[in-house]
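> What would the 3D arrangement of this be:
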Amino acid sequence: MTRTGRAVVIGGGIGGLTAAAALHLRGLRVTVLERAPSLRPAGAAISLSPNALRALDVIGLGDEIRSLAAWQGDGGLRAPGGRWLSRSSAEAAAARFGGPLVLLHRATLIDLLAARLPSDAVRTGADATLADPGDDGRPARVRTPDGDLEADLVVAADGIHSTARAALFPQHPGAVYSGFTTWRVLIPLPGVEFASHETWGRGRIWGTHPLRDGRVYAYAAAVTPAGGHAADERAELLHRYGDWHDPIPAVLAAARPEDVLRHDVHHIAEPLPSYHRGRVALLGDAAHAMPPTLGQGGNQAVEDAIVLAHHHDDLTAYTGARLPRTTAVARQAVRVARLNLMTGRAGTAVRDTVLTALSKAGPALFLRGFDGIADWRPPQRPYASQRTQAGER
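So this is what the prediction gives:
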């Protein structure tokens, strides 16, 4: 089956837009349908590891992101009282994986991806559903309020609670609650200097990272029943983390209640049998939603998009390339969540002791956790110059 005509992408997030840009470069006529009234995401940052940056090199975007983003890696893991459990450096990360880990605002990445597309390619406020997955003999069909669209390829990048996934695999149980909720804050914090860190407590974690534009991105996670919300989420964070080490109290003092975003975490515990059916390919969270504990949700979606463009005329090959890898990464993310969010006092003490010992014995756990993940390379040749060597900023 040859798919060289029209592609419809359901979902205008990072994965969907990356797929659209890559398919556009392959010569397909692309339409992106985004349900929200705009492409602007909620205020949060995204960490891009070398695997995703190399994928973005394929569409000529990697070097621009490296120049705009803050390098990560200077810092490490801490205990709530401030003791360092494990240290690492940006240069060590770049040397180990052939390129940096970087942090930037999601909106910046969305804007850069959208700029790679024709001006009429993206439709916002477009509530799209999969009407027919198609097959070798007929195109797929996507239903919108303005009428149906036929496509040689449909990319379902419609998120954790994907309606396209439910239509393709109605017997699959879908996403399940991961056992914890998350908070995110993105604010200016002038005059406060700190080393980037992630702090592990009992059933709670906190991370604080500087962005290149001077703002600070902070996130937290805690084991809690699903569906909970506080009247004032900033006050909730103060209750849970207010006595942790600097700069956490300073972040909480500078944040306003409206700056705090809270979301329960869900993941796909039972892998799908395939990432495609007919002329439809699932991508990103729609295919393999995972806990954020490795920071790989968006990175794996970017990988998906680039590999899908490479195999756009052979979706069986796309599933074969992506399902084993993303299943392994998702399972590792679940294991890390169990480790960094463990709740027992004795187990937490043993964990911290082991982390400290392992850090003294070799490369920081922060870096070793990315082995087999951050060193991935895309199947296509890049369009970018790939200034990714250690020490280049």
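
> any weak-confidence spans in the stretch 1-150 of the chain?
Counting by pLDDT under 70, the stretch 1-150 of the chain has low-confidence residues at 1-4, 42-43.

> please redo it, this time with the cut-off set to 50
Applying pLDDT under 50 to the stretch 1-150 of the chain picks out residues 1-3.

> beta partners of residue 123?
Assessed by DSSP bridges, residue 123 has beta-bridge partners residue 33.

> Let the chain start at 32 from now.
Understood, numbering begins at 32; the last thing we discussed is residue 154.

> neighbours of it, just the number please.
A count of nearby residues for residue 154, using other CB atoms under 10 Å, gives 15. Every C-beta, even on glycine, is put in place using the N, C-alpha and C of the backbone.

> what's the helix or strand for the residue sitting nearest the centre point of the chain?
Among the residues of the chain, the one closest to the centroid is residue 329, at 2.1 Å (CA atoms, centre = their mean). When elements are assigned from DSSP states H and E, residue 329 belongs to helix 328-341.

> now for that helix, which elements pack on it?
With contacts taken as 3 or more CB pairs under 8 Å, 6 or more residues apart in numbering; DSSP states H and E, helix 328-341 sits against helix 45-56, strand 76-79, helix 81-88, helix 316-319, helix 346-371.

> What's the first helix or strand after the longest one?
Spelled out, that is helix 346-371. Downstream of helix 346-371, the first helix or strand assigned by DSSP H and E is helix 376-392.

> residues contacting residue 198?
160-161, 164 (CB atoms under 8 Å, 6 or more residues apart in numbering).

> among these, which are in helices?
Among the contacts of residue 198, none falls in helices (DSSP state H).

> Just the ones in strands from those, please.
Secondary structure assignment by DSSP state E places 160-161 of the contacts of residue 198 in strands.

> Buried ones only from the contacts of residue 198, please, as a PyMOL command.
Here is the PyMOL selection string for the buried members of those, based on 16 or more other CB atoms under 10 Å:
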select buried, resi 161+164
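
> Show me which of the contacts of residue 198 is closest to residue 47.
Minimum distance to residue 47 across the contacts of residue 198 is 13.9 Å, recorded for residue 161 (CB to CB).

> Quick check: phi and psi on the residue nearest to residue 133 when sequence neighbours are not counted?
Excluding its sequence neighbours, the residue lying closest to residue 133 (CB to CB, 6 or more residues apart in numbering) is residue 100, at 3.6 Å. Backbone torsions of residue 100, given as degrees, to the nearest 10, read phi -90, psi 160.

> quick revisit: was I right to think the residue nearest to the centre of the chain contacts residue 83?
Yes. In this structure, residue 329 is within contact of residue 83 by CB atoms under 8 Å, at 7.2 Å.

> Do you have the helices of the protein handy? List them.
45-56, 81-88, 93-99, 121-128, 137-145, 194-199, 264-272, 279-285, 316-319, 328-341, 346-371, 376-392, 396-399.

> I'd like those written out as JSON lines, with distance to residue 237 added.
Below are the helices of the chain laid out as JSON lines (distance: least, CB to CB, whole Å):
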{"stretch": "helix 45-56", "distance to residue 237": "24"}
{"stretch": "helix 81-88", "distance to residue 237": "24"}
{"stretch": "helix 93-99", "distance to residue 237": "26"}
{"stretch": "helix 121-128", "distance to residue 237": "20"}
{"stretch": "helix 137-145", "distance to residue 237": "20"}
{"stretch": "helix 194-199", "distance to residue 237": "32"}
{"stretch": "helix 264-272", "distance to residue 237": "5"}
{"stretch": "helix 279-285", "distance to residue 237": "6"}
{"stretch": "helix 316-319", "distance to residue 237": "24"}
{"stretch": "helix 328-341", "distance to residue 237": "19"}
{"stretch": "helix 346-371", "distance to residue 237": "11"}
{"stretch": "helix 376-392", "distance to residue 237": "15"}
{"stretch": "helix 396-399", "distance to residue 237": "15"}
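
> Touching, residue 303 and residue 195? I think so.
No. Judged on CB under 8 Å, residue 303 makes no contact with residue 195 at a distance of 11.7 Å.

> more neighbours, those two?
The residue with more neighbours, out of residue 303 and residue 195, is residue 195; 27 against 21, by other CB under 10 Å.

> pretty sure the more buried one is touching residue 174, no?
No. If you go by CB under 8 Å, residue 195 and residue 174 don't touch, sitting 11.3 Å apart.

> overlap in contacts of the two?
160-161.

> rewinding a little: contact partners for the residue nearest to residue 133?
The contact partners of residue 100, taken as CB under 8 Å, 6+ apart, are 79, 133-135, 242-243.

> thinking again about what came up before, can the contacts of residue 198 go into TSV with extra columns for distance to residue 190?
Output for the contacts of residue 198, formatted as TSV (distance: CB to CB, whole Å):
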residue	distance to residue 190
160	13
161	14
164	18
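
> most remote residue from the chain's center?
residue 168 (35.2 Å).

> Distance of that one relative to residue 309?
Remark: distance between residue 168 and residue 309 (CB to CB, to the nearest Å) = 10 Å.

> likewise residue 191?
Taking CB to CB, one finds residue 191 at 22 Å from residue 309.

> go on, residue 358?
Distance, residue 358 to residue 309, by CB to CB: 22 Å.

> Same question for residue 47.
19 Å.

> and the two? which has more neighbours close in?
residue 47 (28 against 18).

> My read is that that one contacts residue 313, right?
No. Using CB under 8 Å, residue 47 is not in contact with residue 313; the gap is 11.3 Å.

> and the gap between the residue nearest to residue 102 when sequence neighbours are not counted and residue 232?
In space, and not counting its chain neighbours, residue 102 is closest to residue 121: 4.3 Å by CB to CB, 6+ apart. Separation of residue 121 from residue 232 (CB to CB) stands at 25 Å.
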